[in-house]
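Visitor: got a predicted structure here, sequence first:
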Amino acid sequence: MSEPIFDLTYIWAAIIAFGVIMYVLMDGFDLGQGILFMFAPSDHDRDIMMNSIAPVWDGNETWLVLGGAGLLAAFPLVYSIFLPALYIGVFLLLAGLIFRGVAFEFRFKAHSSRYLWNWSFAIGSTVAAFAQGAVVGAYIQGFETENMRYVGGALDWLTPFTVLTGIGLVAGYALLGATWLIMKSEGSTQQWAYKLVKPLLAVVLLIFVVISIWTPFVDEFVANRWFDGVSPIWLLPILGLASAFWIYRSVSQRREGTPFVATMALFVFTYLGLLASKWPYVVPPSYTLADAASAHESQLFLLIGLLFVIPIVLVYTAWTYWVFRGKVKADQGYH
């Protein structure tokens, strides 16, 4: 059989990487509302928080499905190793998302039991965010494998390092949620959100610094990638810090949309730094993208279908945000 003209492995890697960051950005501010939910001054503020994401939260999860399905199709080895290694973490992630979703629907109908759904929304969002961060930490640590199989324990993913990455992502999503709320609310709710941003930004930056110092000790490959001579990837943390300053300045100037855009930029540069640290390993420290890839014919068949799906998802996502643009009020929700 002749060699394929185009290697689709890296095209699929780019598609999945795009799906992951789209999920992080778009469901991140949803989860951020939940993380901050029980800290809101009143039920009036909580109504505004929920109404700000009510039209878009379930559509935002499309990107999680896209990334997960693409990963299974294009890199089945990743699934066969990640799932046994991360069963409990993935279960916590999905359970949190389920609790968050159920609370969304029931809270609007409940009266005497509304406080239970408030807590369900808050706890589900926080658990889902923490589990995502812990999974990222486990990816940085790497997986114990042998003959393309996971041979580690069920709780190997849970270490002090992954706990810190989990807390870091909770703080990051809370920051994203606060800046989203600034953009979507007004009055006392908006002023409360403004007050949250600078403390949350300080926590995020502190955890970012600790993880950055800790990571080279966790993975020697990362240490070599970053410190073996001058590298263009050094620009990524610089751009990340510039984004953090942009957040601080825009909040000080009481801008409304800019803090959210700047926070998304902070997430993007951090994400690119993670990818640059691990490239080309998709199951660190043993297997690269080429090792984990499915057959070229499978990748091509699924890619043709995906070329139709992604534009549709992008169009209806953009249309949804356009239709529901502007400020929200407590008594103006789609329920």
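Guide: Here it is on my side, so go on.

Visitor: just checking, residue 193 touches residue 186?
Guide: No. Residue 193 lies out of contact with residue 186 (CB atoms under 8 Å); the separation is 10.2 Å. No exception for glycine: its C-beta is placed from N, CA and C like everyone else's.

Visitor: who's more crowded, the two?
Guide: residue 193 (25 against 13; other CB atoms under 10 Å).

Visitor: so that one: helix, strand or coil?
Guide: helix (DSSP: H, G, I helix; E, B strand; the rest coil).

Visitor: what about the nearest residue to residue 37 once chain neighbours are set aside, how many residues nearby?
Guide: Excluding the flanking residues, the one nearest residue 37 by CB to CB, 6 or more residues apart in numbering is residue 122, at 4.3 Å. By other CB under 10 Å, 22 other residues sit near residue 122.

Visitor: which stretch of helix or strand covers residue 122?
Guide: According to DSSP states H and E, residue 122 maps onto helix 114-141.

Visitor: now the element after that helix, going C-ward?
Guide: Per DSSP H and E, the first helix or strand lying C-terminal to helix 114-141 is strand 145-146.

Visitor: hmm, who's touching the helix or strand following that next one?
Guide: Per DSSP H and E, the first helix or strand lying C-terminal to strand 145-146 is strand 149-150. If you take CB atoms under 8 Å, 6 or more residues apart in numbering as the criterion, strand 149-150 is touched by 80, 81, 84, 85, 143, 144.

Visitor: got the contact list for the helix or strand of the chain with the lowest mean pLDDT?
Guide: For the chain, using mean pLDDT, DSSP states H and E, the weakest element among its helices and strands is helix 57-60, scoring a mean of 79. The contact list for helix 57-60 (CB under 8 Å, 6+ apart) reads 23, 26, 27, 30, 101, 104, 316, 317, 320.

Visitor: go with 7 Å
Guide: With CB atoms under 7 Å, 6 or more residues apart in numbering as the test, helix 57-60 has contacts from 26, 27, 30, 104, 317, 320.

Visitor: who touches residue 214 in this structure?
Guide: If you count contacts by CB under 7 Å, 6+ apart, residue 214 has them with residue 161.

Visitor: how close does it sit to residue 168?
Guide: Separation of residue 214 from residue 168 (CB to CB, to the nearest Å): 11 Å.

Visitor: before we move on, back to that, state the pair within the contacts of helix 57-60 that is farthest apart.
Guide: 104 and 317 (18.4 Å; CB to CB).

Visitor: any idea which of the contacts of helix 57-60 the model trusts least?
Guide: Lowest pLDDT within the contacts of helix 57-60 is found at residue 104 (81).

Visitor: re earlier: more neighbours: residue 104 and residue 317, which one.
Guide: More crowded of residue 104 and residue 317, by other CB under 10 Å: residue 104, with 21 against 17.

Visitor: before we move on, what SS does the more buried one have?
Guide: Per three-state DSSP, residue 104 ends up helix.

Visitor: if I look at it, how far off is residue 117?
Guide: 8 Å.

Visitor: tell me the mean pLDDT over stretch 167-182?
Guide: For stretch 167-182, mean pLDDT rounds to 96.

Visitor: what residues does that stretch touch?
Guide: So stretch 167-182 is contacted by 28-29, 31-33, 35-36, 49, 52, 126, 129-130, 132-133, 136, 189-190, 193-194, 196-197, 200-201, 203-204, 207-208, 211, 256, 259-260, 263, 267 (CB under 7 Å, 6+ apart).

Visitor: cutoff 6 Å now
Guide: Residues from elsewhere that reach stretch 167-182, judged by CB atoms under 6 Å, 6 or more residues apart in numbering: 28-29, 31-33, 35-36, 129-130, 132-133, 190, 193, 196-197, 200, 203-204, 207, 256, 259-260, 263.

Visitor: same deal with stretch 270-287?
Guide: Outside stretch 270-287, the residues that reach it (CB under 6 Å, 6+ apart) are 21, 78, 81, 142, 145, 222, 225, 233, 236, 240, 288-289, 292.

Visitor: got CSV for those, with neighbour count, distance to residue 72 and pLDDT too?
Guide: Shown next, in CSV, are these (neighbours: other CB atoms under 10 Å; distance: CB to CB, whole Å; pLDDT from 0 to 100):
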residue, neighbour count, distance to residue 72, pLDDT
21, 19, 19, 92
78, 19, 8, 87
81, 24, 12, 90
142, 20, 21, 86
145, 19, 18, 87
222, 21, 27, 83
225, 16, 28, 84
233, 14, 29, 84
236, 21, 29, 91
240, 22, 31, 93
288, 15, 18, 88
289, 21, 15, 88
292, 23, 11, 85
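
Visitor: residue 66: which of those is nearest?
Guide: Distances from residue 66 to the contacts of stretch 270-287, taken by CB to CB, are shortest for residue 21, at 11.7 Å.

Visitor: need phi/psi at the closest one.
Guide: phi -70, psi -30 (degrees, to the nearest 10).

Visitor: how far away is residue 272 from residue 237?
Guide: Going from residue 272 to residue 237 by CB to CB gives 10 Å.
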